[in-house]
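Enquirer: this is a predicted model, with the sequence first.
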Amino acid sequence: MQGNLDGVVPLETEEETPRLETSMPLLDPGAPTDLELMRGIQEGDPDALSLLYDRYNGIIKALVLRVIHNEAEADDLLQEIFMEIWNQAKNFSAHKGKPLGWMVTLARRRAIDGLRKKQAYSRAEERLQSETEQQPEAWAHNTTETEISRGDTRQLIRKVIDSLPPPQQEAVELAFFQGMSQREIAAKTNTPLGTVKTRLELGLKKIYDGLKELRHEL
Amino acid sequence: MSFEEFQNRSRLYVIGALEPDEIDEFEQARKQFGQKAEDFIGECYALHEAFALSLKPAKSSAALKDKLMSMVREKQQR
């Protein structure tokens, strides 16, 4: 896979350098920020990891489940991902981006690696089909104020993604959540390669532009 | 490659969707555009965060966290 574990850095503009603020949950007054927790982890403080886990395990597990579609395997991967966060925290640099972006990039890579291994032995297509239908139930919980705030963010982001024409949405989701290449998407959807490329470029641009607009709503 | 085209490719790059035969050209353009290119690529990683946050959080058992924390503490003591 290309890319690295870099996170979000300021956009280049003519005036100031705004960031794509997509996500930050509301924190209780006095609660450590994500960055403070990452610094704690870098200094070897397990309590910092414990707090970071409490804050983001739900999001990271949802991402892994969306890729791998198996509860037990998702739990194993979740544990491995947080161990990797603990072990690799020294590689995180606040200059390159936010902790959540770094964690999500790491988690996605691990989940897609897991999916690739799994696909070597199993008929993933069948499982994917049946488990996709069960996902809404599996994800249902949203009680605390923080969760409600995240829920609002989620709805806004979902709205951006759902506004894409279905073929663009499908291409983007296959690329992001299944780690498929353009050629793999073309084969799966029986679509010319050039069309897949256009769908991906247009879809990702719309999401990117939509996120920039969301900065003003979040 | 124009910068607009580079931006389109960058968004594919960060999600790992560039084809192998597109990577050389992308890397050349990346060098050509320098810091401006690096800044834009970094910004594109917000897409990762956004996709994750578009999902409803999933529950995990308390036992999973206990196991993780005991592994961390064990590793720390070594």
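Expert: Done, it's in.

Enquirer: what residues does B:N8 make contact with?
Expert: By C-beta atoms under 8 Å, 6 or more residues apart in numbering or on different chains, the contact set of B:N8 is A:201, A:204-205. Glycine gets a C-beta too; all of them are placed from N, C-alpha and C.

Enquirer: hmm, which of those residues are the buried ones?
Expert: Neighbour counting by 16 or more other C-beta atoms under 10 Å in any protein chain shown classes A:201, A:204 among the contacts of B:N8 as buried.

Enquirer: what is the nearest of the contacts of B:N8 to B:Y13?
Expert: A:L204 (10.3 Å; C-beta to C-beta).

Enquirer: from B:R9, how far out is that closest one?
Expert: A:L204 sits 10 Å away from B:R9, taking C-beta to C-beta, to the nearest Å as the criterion.

Enquirer: with B:D39 instead?
Expert: In this view, B:D39 and B:R9 are 15 Å apart by C-beta to C-beta.

Enquirer: for chain B, what's the longest helix?
Expert: Assignment by DSSP state H gives helix B:20-44 as the longest helix of chain B.

Enquirer: now that helix: buried residues?
Expert: Those would be B:22, B:26, B:29-30, B:33, B:37, B:39-44, for helix B:20-44 by 16+ other C-beta under 10 Å.

Enquirer: can you tell if it touches chain A?
Expert: Yes - judged by C-beta under 8 Å from any C-beta of the partner chain, helix B:20-44 comes into contact with chain A through B:23, B:36, B:38-44.

Enquirer: how about the helix or strand hosting A:G58 as CSV, C-alpha atoms only?
Expert: Counting by DSSP states H and E, the element that carries A:G58 is helix A:46-68. Written as CSV, here are the backbone C-alpha positions of helix A:46-68 (Å, rounded to 0.1, in the frame of the first residue of the first chain):
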residue,chain,number,x,y,z
PRO,A,46,-0.1,3.2,30.3
ASP,A,47,-2.9,5.4,31.8
ALA,A,48,-2.6,7.7,28.7
LEU,A,49,-3.1,4.7,26.5
SER,A,50,-6.1,3.6,28.6
LEU,A,51,-7.7,7.0,28.2
LEU,A,52,-7.0,7.1,24.5
TYR,A,53,-8.5,3.6,24.2
ASP,A,54,-11.7,4.6,26.0
ARG,A,55,-12.0,7.6,23.7
TYR,A,56,-11.5,5.9,20.3
ASN,A,57,-11.9,2.1,20.6
GLY,A,58,-15.4,2.4,19.3
ILE,A,59,-14.4,4.3,16.1
ILE,A,60,-11.4,2.1,15.5
LYS,A,61,-13.3,-1.1,15.9
ALA,A,62,-16.1,0.2,13.6
LEU,A,63,-13.5,0.9,11.0
VAL,A,64,-11.9,-2.6,11.4
LEU,A,65,-15.4,-4.2,11.3
ARG,A,66,-16.3,-2.4,8.2
VAL,A,67,-13.2,-3.9,6.5
ILE,A,68,-13.1,-7.3,8.0
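
Enquirer: host element of A:E201?
Expert: Per DSSP H and E: A:E201 is located in helix A:193-214.

Enquirer: now that helix against helix B:20-44, angle please.
Expert: 10 degrees (axes from the mean of the first three to the mean of the last three C-alpha atoms, to 10 degrees).

Enquirer: before we move on, back to that, what are the buried residues along the next helix or strand after the helix holding A:G58?
Expert: As assigned by DSSP H and E, the chain's next helix or strand after helix A:46-68 is helix A:71-88. Neighbour-count burial for helix A:71-88, with 16+ other C-beta under 10 Å as criterion, is recorded at A:71, A:73-75, A:77-82, A:84-86.

Enquirer: A:I85 is in contact with A:L106, correct?
Expert: Yes - counting by C-beta atoms under 8 Å, A:I85 is a contact partner of A:L106 at 6.8 Å.

Enquirer: kindly list the single helix or strand of chain B that scores lowest on mean pLDDT.
Expert: The weakest-scoring helix or strand in chain B, judged by mean pLDDT, DSSP states H and E, is helix B:46-53 (a mean of 86).

Enquirer: so what touches it?
Expert: Helix B:46-53 is touched from outside by A:8, A:19-20, A:22-23, A:59-60, A:62-63, A:98, A:100-101, A:104-105, A:107-108, A:150, A:153-154, A:157, A:160-161, A:176-177, A:204, A:207-208, A:211, B:11, B:14-15, with contacts defined as C-beta under 8 Å, 6+ apart.

Enquirer: tell me which of the residues you listed fall in helices.
Expert: Using DSSP H, these in helices are A:59-60, A:62-63, A:100-101, A:104-105, A:107-108, A:150, A:153-154, A:157, A:160-161, A:176-177, A:204, A:207-208, A:211, B:11, B:14.
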